[in-house]
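Colleague: Based on what follows, work out the 3D shape:
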Amino acid sequence: QVQFVESGGGLVQPGGSLRLSCAASGSIFSISTMGWYRQAPGKQRELVANIASGGSTKYADSVKGRFTISRDNTKMTVQLQMNSLKPEDTAVYYCYYSDYQRGVRRDYWGQGTQVTVSS
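Modeller: This next block holds a predicted model:
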């Protein structure tokens, strides 16, 4: 199993910034993908950004140029710097870990942290 400690959510005004952090522990490996998903009320969970252990990144089109993802492979932490936040970024943000073990994909999500963008 994988455990997560997420932090950094909260209330921010449009145009503001927040930084989300997540530390993973348990049955984890450095060769993995970590990232963030989000789910707004009434909508499906969607990928925000992820980063592989080699450093390659993927971003949702809606956050490109505003969000930056980074990770520390020695500490197994992942951060999401969110700038120029918009009301449509309001959602519960979930830390994410994924790897392959013996050819089988494993996916794990944290408990989520609320991000609210409102004036």
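
Colleague: When you work out contacts or count neighbours from here on, use the C-alpha atoms and nothing else.
Modeller: Fine.

Colleague: And the strands in the chain?
Modeller: Applying DSSP state E to the chain gives strands spanning 2-7, 10-12, 18-26, 33-39, 46-52, 57-59, 67-72, 77-82, 91-101, 104-109, 113-117.

Colleague: Buried deepest among those, which one?
Modeller: Comparing the strands of the chain by mean neighbour count (mean count of other CA atoms under 10 Å), strand 33-39 ranks first with a mean of 24.

Colleague: Quick check: which helices or strands does that strand pack against?
Modeller: strand 46-52, strand 77-82, strand 91-101 (3 or more CA pairs under 8 Å, 6 or more residues apart in numbering; DSSP states H and E).

Colleague: Which elements pack onto the first one?
Modeller: By that I understand strand 46-52. When contacts are defined as 3+ CA pairs under 8 Å, 6+ apart, strand 46-52 sits against strand 33-39, strand 57-59, strand 67-72.

Colleague: ok, back up a step: need the strands of the chain in JSON lines (columns: mean pLDDT).
Modeller: Formatted as JSON lines, the strands of the chain follow (pLDDT from 0 to 100):
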{"stretch": "strand 2-7", "mean pLDDT": "95"}
{"stretch": "strand 10-12", "mean pLDDT": "97"}
{"stretch": "strand 18-26", "mean pLDDT": "96"}
{"stretch": "strand 33-39", "mean pLDDT": "97"}
{"stretch": "strand 46-52", "mean pLDDT": "97"}
{"stretch": "strand 57-59", "mean pLDDT": "98"}
{"stretch": "strand 67-72", "mean pLDDT": "97"}
{"stretch": "strand 77-82", "mean pLDDT": "98"}
{"stretch": "strand 91-101", "mean pLDDT": "95"}
{"stretch": "strand 104-109", "mean pLDDT": "94"}
{"stretch": "strand 113-117", "mean pLDDT": "98"}
